[in-house]
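In: Okay, sequence plus prediction incoming.
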Protein chains: 2
Amino acid sequence: MASFQASLYCLPWLLLLFFFFIPSINSSSLTKSSISSLSSRRRIPRLTVHNNAVDPPRESGHLGSYEVFYYNQTLDHFNYQPQSYITFPQRYVMNSKYWRGGNASAPIFAYMGEEASMDSDLAAIGFLSENAAQFGALIVFIEHRFYGESVPFVSREEALTNATLRGYFNSAQALADYAEILLHIKKELSADTSPIIVIGGSYGGMLAAWFRLKYPHIALGALASSAPVLYLDGLTPQEAYFSAVTKDFREASESCYNTIKQSWAEIERVSNLENGLSILQKKFRLCKPLKEAWELRSYLETMYIVAAQYDRPPKYPVDVICKGIDSAPSSSYILDKIFLGFVAYYGKASCYSLGSSFSDETLQGWDWQVCSDIVIQMGIDRNDTMFALNPFDENLNDEFCMNKFGIIPRRHWITTYYGGQHIKEVLKKFGSNIIFSNGLRDPYSSGGILEDISDSIVAVKSNKGSHCLDIAPAREYDPEWLILQRKTEVEIISKWIIDYYEDLLEN
Amino acid sequence: MASFQASLYCLPWLLLLFFFFIPSINSSSLTKSSISSLSSRRRIPRLTVHNNAVDPPRESGHLGSYEVFYYNQTLDHFNYQPQSYITFPQRYVMNSKYWRGGNASAPIFAYMGEEASMDSDLAAIGFLSENAAQFGALIVFIEHRFYGESVPFVSREEALTNATLRGYFNSAQALADYAEILLHIKKELSADTSPIIVIGGSYGGMLAAWFRLKYPHIALGALASSAPVLYLDGLTPQEAYFSAVTKDFREASESCYNTIKQSWAEIERVSNLENGLSILQKKFRLCKPLKEAWELRSYLETMYIVAAQYDRPPKYPVDVICKGIDSAPSSSYILDKIFLGFVAYYGKASCYSLGSSFSDETLQGWDWQVCSDIVIQMGIDRNDTMFALNPFDENLNDEFCMNKFGIIPRRHWITTYYGGQHIKEVLKKFGSNIIFSNGLRDPYSSGGILEDISDSIVAVKSNKGSHCLDIAPAREYDPEWLILQRKTEVEIISKWIIDYYEDLLEN
């Protein structure tokens, strides 16, 4: 029986964002306890079904081919108080197996870590190791500050509860970290003329694109995979993500879409019956009783969203869910249909437990990031998605952040620093060498760059692609369009490097 | 009798830097008391001669045409501690007399304040007000944080002695300030599509160029006048500035150059005689006794440097000094010749007082900036200048900064953040719309961009020009080459704006 588990890699935070706005709390009646309740509701239900995952298991020992280093990183690059001179060890790894060396000005491929421990990236990202040989490139992965082993001074928990320390946890500092480490590597390896290509996915893709824009003297070019650089500061309508999920399902099956769209009212109706939560528990074969109906809603919403975001070959989870739903006779009870989709996705089990498939550090770290720096406003304020209405509520969001972290998000700073408004006009005659790659089945592509901006700031997209699929490891079942998308990206990067070498010879 | 006083405007700090390294203290014998002595020696002698200045007096009431505003500026743009959310009032002024308005997408000319109170800029900078009418442009001047009225919370003295507060005093924060204020202005004036041209001189010119590179979504282009963006991180030889001063004098008169070059040994010889300091005091008609010989050396060195840096029409101070020196019979005593140059420059007076012509806030503020962020290494490590040897001493410099501010300069951060190495190769295919303007008589042009990098990152230079002369107010005695240099700059900016409007119409 087909079964799926959403990939944990490359932008787990997108889901976090979603669930952040899903709880249907009326802000006008907001109290301290409801905020605290919101806090607990933000967790994504974990799905502990022990079946095969979408992707085959990781190769073991992959980490073994990387040498691990720790750089004494500046705590605060933008301040000159004595304490900001303090350094903390930041982890990065290198693999020089294919590298033709600094003397040959051979390239450096650098992966910019996102909101997760680096350990997960090494297995989940294929683009660097699969293309290093043909470029003779050095492979570098750098861990994002405050994740994995790169938390300054104290435990992760302590760092996030320390109002002073977590202040240093933001994207501008992270980019500066990458700048320092990459220059350090070039110096250590006497690789002054080696061009650096930075690569990242999702939030890490945003970092890669921004790095090329802010540090063009360090990175020759950037591959920004599935980077929703326009899902910021109101540049993309709040519901675009959910409209795109809806489109994925509707294209798979109109009846499936209709069933899902109508199911929320029925869940709501049943939950309000006497013993309603118990009825729902039995219907969905949950191991433990439901405390509130939103737990089940989140559980299902997560499934649809993950399926759409990671709608990957060979199985294409959206199709799997819809085939499950559509396998019921059309006269069946609507929640029976939904359950069939659910079983098709997760596989058969004696019972199902709610829970999140994301690591706690990603959940906690991203909570902070969206409350401070990376302010993404997402919600459902129109009736044309398959989800229930749930508009983004700025006040509720601010109160949550103030309650949890003592600050409110700096809503406009992200586009003040990185830009976004009029991006085509701005970058048409400024900057170069960025690939914005997207798979159009990925609902986050709605906040991505989907058209070429200039000759060398280009969009590479695939109609059937999903989130970060182009930089995931190649598989024997990869379809032709995916192989072609990756090939296109490699050719563009190759051209950047050839042009660079020509300039180098001229000077 | 011709007399001169160096302009205070547009890069007084260059002189500070010079004097910072002039004291001939042997670092190997450095003690705490010698560092403290170095500190007192860093002050530039003030020349309180009441004679005409190089430029005619400022027009009075010029400030009156500007409306003054205060923006609630974020204290720390790159940190999310609750205290970094605190804001302080930052001063900016606007003149909308010529502005054709936001509806017409009329341009905004924005001057990026440097290390001085804004009050001095308004009279010393002519470029904006003289060109606003033909562009229909709004004129904006923004004051740099920690100068003038834009010191956060406390008095200037207190801000600079407070290790926490002064940590926020650096160029990256200043650029972010400008970004926030310019977006605020566009919003307040409903001028979303108005292109912004940023203009700055010297350190402010570096800020303008960097602003275009870091915030291309806010500034369409930058005029960076006399910006020594390469006098950083060892990119320019430490003695380049002094070699350039030497060249100016040598071109004016070979005998003048020789006299100056040979004078230092004679000053040294006399100062070591019994009553030597008294002899020197009389020879140079100083109002007060000399405490040490370096006071006189600094006094003369300042004069030569200021004369070269601001070697402006109508009088060209280098010529004035050399004519004075050369007016003595060749057989005259060498220090008599030097004194004649001195009198030619400063005018006749019954006696002369040592002192600095720079405001205390610029002196103090720049002390901090060169000890933290803007690390310029300057010294004389070769025998081919007209000055005495005095190599840059990194240890001495670090000890001074540690002693005064409790930190050492972050020597490589400035180029890590802004670039500099391989600048031509990097910017050849990245970025656009920057004018690097220089006058080649300005010794700081030795650290400037003097050749075009691309079609739109261009060098505009004049052989006879001096420091920031192109953005100084136009005068009736301006020579043809200066009028032409300014015209060229205006034409380039005009082309940026026309291209921008064409793009605007297309979209």
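Out: Cool, got the structure.

In: show me what contacts residue A:494?
Out: residue A:135 (Cβ atoms under 8 Å, 6 or more residues apart in numbering or on different chains). Just so you know, the C-beta spots here come from the backbone N, C-alpha and C atoms, and that holds for glycine as well.

In: name the element it belongs to?
Out: helix A:480-506 (DSSP states H and E).

In: what does residue A:90 give?
Out: Assessed by DSSP H and E, residue A:90 sits inside strand A:87-95.

In: Tell me how far that strand lies from the chain's centre.
Out: Distance of strand A:87-95 from its chain centroid, counting by Cα atoms, centre = their mean, to the nearest Å, is 22 Å.

In: For it, which strands pair with it and how are they oriented?
Out: Counting by DSSP bridges, the strands paired with strand A:87-95 are strand A:67-74 (antiparallel), strand A:138-142 (antiparallel).

In: Pull out the buried residues from that strand.
Out: Neighbour-count burial for strand A:87-95 flags A:88, A:90, A:91, A:92, A:93, A:94, A:95 (criterion: 16 or more other Cβ atoms under 10 Å in any protein chain shown).

In: Over to stretch A:359-368?
Out: Applying 16+ other Cβ under 10 Å to stretch A:359-368 flags A:359, A:361, A:362, A:363, A:364, A:365, A:366, A:367, A:368 as buried.

In: As CSV, those residues with pLDDT would be great.
Out: Listed next are those as CSV, based on pLDDT from 0 to 100:
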residue, pLDDT
A:359, 74
A:361, 87
A:362, 89
A:363, 87
A:364, 91
A:365, 94
A:366, 93
A:367, 93
A:368, 96
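
In: What's the separation between the residue in the stretch 351-500 of chain A that chain B sits nearest to and residue B:125?
Out: As assessed by Cβ to the nearest Cβ, chain B sits closest to residue A:419 within the stretch 351-500 of chain A, at 3.2 Å. Distance, residue A:419 to residue B:125, by Cβ to Cβ, to the nearest Å: 28 Å.

In: Ok, residue A:361 next?
Out: From residue A:361 to residue B:125 the distance is 52 Å (Cβ to Cβ).

In: what mean pLDDT does stretch A:315-330 have?
Out: Mean per-residue pLDDT for stretch A:315-330: 97.

In: State whether residue A:200 is indeed within a strand.
Out: Yes: judged by DSSP: H, G, I helix; E, B strand; the rest coil, residue A:200 forms part of a strand.

In: For it, which non-adjacent residue is spatially closest?
Out: Distances taken as Cβ to Cβ, 6 or more residues apart in numbering or on different chains put residue A:208 closest to residue A:200, at 3.5 Å, once the chain neighbours are dropped.

In: quick one on the thing from earlier: among the strands paired with strand A:87-95, which comes closest to residue B:384?
Out: strand A:67-74 (38.5 Å; Cβ to Cβ).

In: Give the buried residues for the closest one.
Out: Neighbour-count burial for strand A:67-74 flags A:69, A:71, A:73, A:74 (criterion: 16+ other Cβ under 10 Å).

In: out of those residues, which one sits closest to chain B?
Out: For the buried residues of strand A:67-74, the residue nearest chain B by Cβ to the nearest Cβ is residue A:74; the value is 7.9 Å.

In: give me the beta-bridge partners of that closest one?
Out: With DSSP bridges as the rule, residue A:74 is bridged to residue A:87.

In: I'd say it and residue A:84 touch.
Out: Yes: counting by Cβ atoms under 8 Å, residue A:74 does reach residue A:84; the two are 7.2 Å apart.

In: So residue A:424: helix, strand or coil?
Out: Classified using three-state DSSP, residue A:424 is helix.

In: Neighbours of it, how many?
Out: Residue A:424 has 14 neighbouring residues, counting by other Cβ atoms under 10 Å in any protein chain shown.

In: Which residue is the nearest non-sequential neighbour of it?
Out: Excluding its sequence neighbours, the residue lying closest to residue A:424 (Cβ to Cβ, 6+ apart) is residue A:453, at 5.4 Å.

In: so residue A:222, which of the three states?
Out: strand.

In: wait, what's in contact with the residue lying closest to it once chain neighbours are set aside?
Out: By the measure of Cβ to Cβ, 6+ apart, the closest residue to residue A:222 outside its immediate chain neighbours is residue A:212, 3.8 Å from it. Contacts of residue A:212 were listed using Cβ under 8 Å, 6+ apart, and they are A:198, A:219, A:221, A:222, A:431, A:433, A:434.
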